[in-house]
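Colleague: Structure for this input, please:
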Amino acid sequence: MLARSFGCARVVFNDALRARQNAYAAGVKISDTAVQKRVVTEAKKTPQRVWLSEVASVVLVQACQDARRAYRNWFDSLSGKRKGRRVGAPRFRSRKDNRQSIRLTRNGFTIRDNRKLHIAKVGELKVAWSRELPSEPSSVTIIKDAAGRYFASFVVETTEEPGPECDAEVGIDLGLTTFAVLSDGKVIESPRFFRRAERTLRKAQQALSRKEKGSKNRAKARIKVARAHARVADARSEWAHTHSTAIIRENQAVYVEDLCVAGLARTRLAKSVHDAGWGMFLRLLEEKAARYGRTFVKVDRWFPSSQLCSVCGVGDGRKPLSVREWTCQGCGVVHDRDVNAARNILAAGRAERRNACGETVSLPA
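Modeller: Modelled structure (predicted):
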């Protein structure tokens, strides 16, 4: 029934997109209510879509709403109303997609006293709860990933709980050989999850390539490849959560360099950049800082953190990555490249934070 629900939601989503595309091509305006009526209510009465009645109607309605939201996000991105990376036109969903999902609002699911999740027209599902829900959920999304695992993601209302204030502030310099160096001298080694699992991933991919296309053995081999990649992704995510939480808990303000991860991922270091997971780590730091009442500042990516002496501020020019230690020509202090950069990021972040408050503080030239 879950597979059937995934399929029906996918068909309704595609029908809604097609209805909007046809209306745009014909130069006719079509309302959201008209789209929902055409692809859900009227479609159930046709011989081609009569099987839509076999799943919960809330699943179909939410699939139609998802198509509407996809179009709104696209238009808002084109007009500049939606900030961030440009959103492309919505695409049709496929049963071969790595991720299948359905969404249900409050009238489509209940959490029973036996801690099982009841889905309309599906039945009770046994859930391995990762945590207790802080409030009554307003909706739930059932997700099936490429590895064949099922997840239930609830939307709940939470309250901000600022952590206890502390006086510590830290600057962070990210790297590939060493994942992060903090301005207080602490070093976080790079776990290299993908590199360590590369041999296992390669063997699983080779086994998949030898299977006949369309065979059951190939389907089993594909699942093994997906599970191997899922283990790497889960380990990286858990590691990033652990270290980001520790940094936010121990420091009142966190300063980092505004890295262009997308640009670095197009260089010869792409595999190592993706394996490091800088983007996810910075996103978690920013989200947790906002949640726990901490300060999070991104320093300008063009700030020469590796070229300045953190003691006297004298610039010593660009240095190749092979140079890990250098001596300042102004004061004679011997610097570790990464620790010095982290301290410069800390100083620059403090300066930007004070400027935002109206104080006259400028960065060193």
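Colleague: which stretches of the stretch 251-365 of the chain aren't confidently modelled?
Modeller: By pLDDT under 70, the low-scoring segments of the stretch 251-365 of the chain are 354-365.
Colleague: Now with 80, please.
Modeller: Along the stretch 251-365 of the chain, the parts satisfying pLDDT under 80 run over 313, 316-317, 319-324, 326, 329-330, 332, 352-365.
Colleague: How about the secondary structure of the residue nearest to the spatial centre of the chain?
Modeller: In the chain, the residue lying closest to the centroid (Cα atoms, centre = their mean) is Met280, at 6.2 Å. Classification of Met280 into helix, strand or coil gives helix, according to DSSP: H, G, I helix; E, B strand; the rest coil.
Colleague: OK, contacts around it?
Modeller: Contacts here follow Cβ atoms under 8 Å, 6 or more residues apart in numbering; on that basis Met280 touches 236-237, 240. For glycine as for every other residue, the C-beta is placed from the backbone atoms N, C-alpha and C.
Colleague: Relative to Glu54, how far out is it?
Modeller: Applying Cβ to Cβ, to the nearest Å, the value for Met280 to Glu54 is 39 Å.
Colleague: same check, this time on Thr178
Modeller: Relative to Glu54, Thr178 is positioned 55 Å away (Cβ to Cβ).
Colleague: just the CA coordinates of stretch 120-132, formatted as CSV?
Modeller: Output in CSV follows, covering the C-alpha atoms of stretch 120-132 (Å, rounded to 0.1, in the frame of the first residue of the first chain):
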residue,chain,number,x,y,z
ALA,A,120,-5.0,6.2,6.2
LYS,A,121,-5.7,3.2,4.0
VAL,A,122,-2.2,1.8,4.8
GLY,A,123,-2.6,0.7,8.4
GLU,A,124,-0.2,0.7,11.4
LEU,A,125,3.5,1.1,10.8
LYS,A,126,6.1,0.2,13.4
VAL,A,127,8.4,3.1,14.1
ALA,A,128,11.9,3.1,15.6
TRP,A,129,11.6,6.5,17.3
SER,A,130,14.8,8.6,17.2
ARG,A,131,13.4,11.0,19.8
GLU,A,132,10.2,12.0,21.6
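Colleague: in that stretch, what counts as buried?
Modeller: Along stretch 120-132, these residues count as buried under the neighbour rule (16 or more other Cβ atoms under 10 Å): 120, 122.
Colleague: Identify all contacting residues around it.
Modeller: Under Cβ under 8 Å, 6+ apart, the answer for stretch 120-132 is 1-2, 5, 54-56, 58-59, 104, 107-109, 112, 114-119, 150, 152.
Colleague: Can you tell me which of those end up in strands?
Modeller: Using DSSP state E, 104, 109, 117-119, 150, 152 are the members of these that sit in strands.
Colleague: Make JSON lines out of those residues and add distance to Gln21, pLDDT and neighbour count.
Modeller: What follows is the ones in strands among the contacts of stretch 120-132, written out as JSON lines (distance: Cβ to Cβ, whole Å; pLDDT from 0 to 100; neighbours: other Cβ atoms under 10 Å):
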{"residue": "Leu104", "distance to Gln21": "27", "pLDDT": "96", "neighbour count": "20"}
{"residue": "Phe109", "distance to Gln21": "32", "pLDDT": "97", "neighbour count": "21"}
{"residue": "Leu117", "distance to Gln21": "35", "pLDDT": "97", "neighbour count": "20"}
{"residue": "His118", "distance to Gln21": "36", "pLDDT": "97", "neighbour count": "14"}
{"residue": "Ile119", "distance to Gln21": "31", "pLDDT": "96", "neighbour count": "23"}
{"residue": "Tyr150", "distance to Gln21": "32", "pLDDT": "97", "neighbour count": "12"}
{"residue": "Ala152", "distance to Gln21": "32", "pLDDT": "97", "neighbour count": "18"}
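Colleague: For the closest residue to Arg301 other than its chain neighbours, grab phi and psi.
Modeller: Spatial nearest neighbour of Arg301, chain neighbours left out: Asp258 (4.4 Å); criterion: Cβ to Cβ, 6 or more residues apart in numbering. Listed backbone geometry of Asp258 is phi -80, psi 90, with angles given as degrees, to the nearest 10.
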